[in-house]
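Trainee: sequence first, then the predicted structure, then my questions.
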Amino acid sequence: MEYVSPEGLRLDGRRPMEMRQIRAEIGAVSNADGSAVFEMGNTKVIAAVYGPREVQNRSQQINDQALVRCEYSMANFSTGDRMRKPKGDRRSTEISLVIRQTMEACILTHLMPRSQIDIFVQVLQADGGTRSACINAATLALADAGIPMRDIVTSCSAGFLNSTPLLDLNYVEDSAGGPDVTVGILTKLDKVTLLQMDSKLPMDIFENVMQLAIEGCKAIANYIREVMLENTKELEYRRGI
Amino acid sequence: MLSGFNVILSTISFSIETEEAESLKQQVSFTTTTIPTALLFSGIPFEKACQLRVKGEGGLSAATAGTMVGLSLGEKHFIRGGIAQDLRTDGRKRLTYRPISVETGVIPQANGSARVRMGTTDVIASVKAELGKPDLLQSDKGRVIINVDCSPTAAPIFEGRGGEELSTELSVALQRCLLGSKSGTGAGINRSSLMVVEGKLCWDLYIDGLVVSSDGNLLDALGAAIKAALSNTGIPKVHVATAASADEQPEVDISDEEFLQFDTSGIPVIVTLTKVGRHYIVDATSEEESQMSSAISVSVNRNGHICGLTKRGGAGLDPSVILDMISVSKHVSEQLMNKLDSEISAAEADETES
């Protein structure tokens, strides 16, 4: 199948190095301490953060740092065909773990010993790149909850189809069977915290694809920073300063 | 100003130190939206209250309590007292709803979807239609399956399998309120309209509800969201090849462009009356729900007919009270139905514009 037309356009009309439209909003769940919605094209996720709070299960308490937990869940209606899923299947457990590890790397956990931070991500619509979208949403939600972090983590994926590197794969491109490189970076520190790839790629091409994904992460980081700034201004305005 | 104040106020009882304040402790420890009245009752001047706020700042974050049904004695008393005096903690009367907002078409992959917000309660409903084979016993009717999920984003207790019990309770209650009995009599949704070829082909409607944020009255909100989602639903037109013989599955051609609107005029709204003390209220928040003795959910359609009924909560009710509650809910449902209809049509107009 042809994923990039001779004119250099992808199936959804994007250029190879073009990202889908992104939209983020802080404060979607009023009961939570922090929450955010993140959309990348048709992919839409909600993240909610509860904490730092008392550890619920005493045996999990860590004496010198905070316990970070994460649960990833998909709504029944999030996929094209209706899902009949058992809760907590392998895929969601793995994604929960990935998100937890990525976020744990940037939270200053040593400042909140003997406490617990819960990150819940809920996928409302899945159209490829849910992993990345969840991480971006979680970053915003953590910032909204006022949890101290080293840096902003953002994530983006890139692939390689029809001998062209492609940024931000959608579901159709993702299921084409080509390589799918998901990268998460700490934007200011310029460090990679998450790197996953399935399928295979020659070394030199992998470098290009990964570089492309990193560029994507940086673009998302710029947008996220804008959203946060906007939100902070609004809060300031509400306080009447 | 007030919004920042809200969160802090509930922690005051931990951090008041002055003796004068000590005596007021019981009266001040109210939550969120109660401030104006709380101050009035306790007789603290506003400046004083602002000082209290500063003191309260170092305390435990009240927001971390999440859905917080951990109420102090004073708070419980205040909620009950307010209901008895027909002035609830957020300034509503007993039979007033929180403002409702409806957004349709939120899930493009579904045949129909809607998001309904009532105060801070936030739910999404989606409708997906799939072609299937009807049951042998009811060969002239399609199937409708209602399923509700409680997302852990709404409250940490829904994590893992924690939300399952509530999800099942809500699904069953919705099924009872909207679908009627097994044979389909009394159903708010006309299942005969889902038939494509009798005995062979019908539409199965999968209705999925998702609780994104929960602050009480989930059933009414879900009912409203499903109603809105169904009026947003377009079922593709199906062309059936006529040549098929009696025992073969007919060949079908599903249209991408032509859609049939679903007839939603008969779909009821659900009104939950929550009994607190000797009175009952509509649209209870989670704090008020924690004080309930029992609740009755009645689904009423446009003609004022009752389509389904569920009683929840432990304490018994006098039959005459039940009848009274039903007649009140019927009255309230008219207002809710009108409000919802106008919100739905406004949301649909919004959607076609954008």
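Mentor: Received the coordinates, thanks. Numbering: from 1, shown residues only, chains lettered A, B, ... in the order given.

Trainee: distance of the most centrally placed residue in chain A relative to A:Gly129?
Mentor: Residue closest to the average C-alpha location in chain A (Cα atoms, centre = their mean): A:Ile135, at 2.2 Å. Here the criterion is Cβ to Cβ, to the nearest Å. By it, A:Ile135 lies 10 Å from A:Gly129. (C-beta placed from N, C-alpha, C; glycine too.)

Trainee: how about A:Phe120?
Mentor: Distance from A:Phe120 to A:Gly129, by Cβ to Cβ: 19 Å.

Trainee: from what I can see A:Ile26 touches A:Lys233, true?
Mentor: No: A:Ile26 is not in contact with A:Lys233 according to Cβ atoms under 8 Å; the separation is 11.8 Å.

Trainee: who's more crowded, these two?
Mentor: Neighbours were counted for A:Ile26 and for A:Lys233 using other Cβ atoms under 10 Å in any protein chain shown; A:Ile26 has more, 21 against 10.

Trainee: let me see the contact set for A:Asp183.
Mentor: I think there's a mix-up here, since residue A:183 is Val and not Asp. Going by Cβ atoms under 8 Å, 6 or more residues apart in numbering or on different chains, A:Val183 touches A:Ser155, A:Cys156, A:Ser157, A:Ala158, A:Val192, A:Leu194, A:Leu195, A:Met210, A:Ala213, A:Ile214, A:Gly216, A:Cys217.

Trainee: for chain A, what's the longest helix?
Mentor: Using DSSP state H, we find that the single longest helix of chain A is helix A:203-239.

Trainee: in terms of secondary structure, what does that helix contact?
Mentor: strand A:22-26, helix A:130-144, strand A:153-161, strand A:164-167, strand A:180-186, strand A:191-198 (3 or more Cβ pairs under 8 Å, 6 or more residues apart in numbering or on different chains; DSSP states H and E).

Trainee: can you list the residues of chain A near chain B?
Mentor: A:28-33, A:35, A:42, A:46-48, A:50-53, A:56, A:71, A:73, A:75-80, A:82, A:87-88, A:118, A:120-122, A:124-125, A:238-240 (Cβ under 8 Å from any Cβ of the partner chain).

Trainee: are any of these buried, and which?
Mentor: With neighbours counted using 16 or more other Cβ atoms under 10 Å in any protein chain shown, the residues of chain A next to chain B contain these buried positions: A:28-29, A:31-33, A:35, A:42, A:46-48, A:50-53, A:71, A:73, A:75-79, A:82, A:118, A:120-122, A:124-125.

Trainee: circling back to that earlier point, pretty sure the residue nearest to the centre of chain A contacts A:Thr102?
Mentor: Yes: with contact defined as Cβ under 8 Å, A:Ile135 reaches A:Thr102; the gap is 5.7 Å.

Trainee: overlap in contacts, those two.
Mentor: Taking Cβ under 8 Å, 6+ apart as the criterion, A:Ile135 and A:Thr102 both touch A:Val153, A:Ser155, A:Gly184, A:Leu194.

Trainee: so which of these is the most crowded?
Mentor: Going by other Cβ under 10 Å, A:Gly184 tops the shared contacts of A:Ile135 and A:Thr102 with 30 neighbours.

Trainee: and the residue lying closest to A:Thr139 once chain neighbours are set aside, what does it touch?
Mentor: With Cβ to Cβ, 6 or more residues apart in numbering or on different chains as the criterion, A:Thr139 has its nearest non-adjacent residue at 5.2 Å, and that residue is A:Val153. Contacts for A:Val153 (Cβ under 8 Å, 6+ apart) come out as A:Thr102, A:Met103, A:Ala105, A:Cys106, A:Ile135, A:Thr139, A:Gly184, A:Ile185, A:Leu186, A:Thr187, A:Thr193, A:Leu194.

Trainee: among those residues, give me the pair with the biggest separation.
Mentor: A:Met103 and A:Thr187 (14.3 Å; Cβ to Cβ).

Trainee: among the helices and strands packed on helix A:203-239, which comes closest to B:Val276?
Mentor: Closest approach to B:Val276 among the helices and strands packed on helix A:203-239 (Cβ to Cβ): helix A:130-144, 33.5 Å.

Trainee: okay, the angle between the closest one and strand A:22-26?
Mentor: Going by axes from the mean of the first three to the mean of the last three Cα atoms, to 10 degrees, helix A:130-144 is angled at 30 degrees with respect to strand A:22-26.

Trainee: and the longest helix seen in chain B, how far from the chain's centre?
Mentor: Ranked by residue count, the top helix of chain B under DSSP H comes out as helix B:319-353. Helix B:319-353 sits 12 Å away from the centroid of its parent chain (Cα atoms, centre = their mean, to the nearest Å).

Trainee: for the record, mean pLDDT for it?
Mentor: Mean per-residue pLDDT for helix B:319-353: 91.

Trainee: now swap in stretch B:73-89 and tell me
Mentor: For stretch B:73-89, mean pLDDT is 93.

Trainee: keeping just the C-alphas, turn it into PDB.
Mentor: Listed in PDB are the C-alpha atoms of stretch B:73-89, where the atom choice follows Å, rounded to 0.1, in the frame of the first residue of the first chain:
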ATOM      1  CA  LEU B  73     -20.200  16.600  62.200                       C
ATOM      2  CA  GLY B  74     -20.700  20.300  61.700                       C
ATOM      3  CA  GLU B  75     -20.700  20.000  57.900                       C
ATOM      4  CA  LYS B  76     -23.200  17.200  58.000                       C
ATOM      5  CA  HIS B  77     -25.400  19.200  60.300                       C
ATOM      6  CA  PHE B  78     -25.100  22.200  57.900                       C
ATOM      7  CA  ILE B  79     -26.100  20.200  54.900                       C
ATOM      8  CA  ARG B  80     -29.100  18.700  56.500                       C
ATOM      9  CA  GLY B  81     -30.100  22.000  58.100                       C
ATOM     10  CA  GLY B  82     -29.900  23.700  54.700                       C
ATOM     11  CA  ILE B  83     -32.000  21.100  53.000                       C
ATOM     12  CA  ALA B  84     -34.600  21.500  55.800                       C
ATOM     13  CA  GLN B  85     -34.800  25.200  55.200                       C
ATOM     14  CA  ASP B  86     -34.900  24.900  51.400                       C
ATOM     15  CA  LEU B  87     -31.600  26.600  50.900                       C
ATOM     16  CA  ARG B  88     -28.800  24.200  50.000                       C
ATOM     17  CA  THR B  89     -25.100  24.700  50.500                       C
END
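
Trainee: so where's chain A shaky on pLDDT?
Mentor: Across chain A, residues meeting the criterion (pLDDT under 70) sit at A:84-88, A:241.

Trainee: B:Val211 contacts B:Cys150, doesn't it?
Mentor: Yes: assessed by Cβ under 8 Å, B:Val211 is found in contact with B:Cys150 at 4.6 Å.
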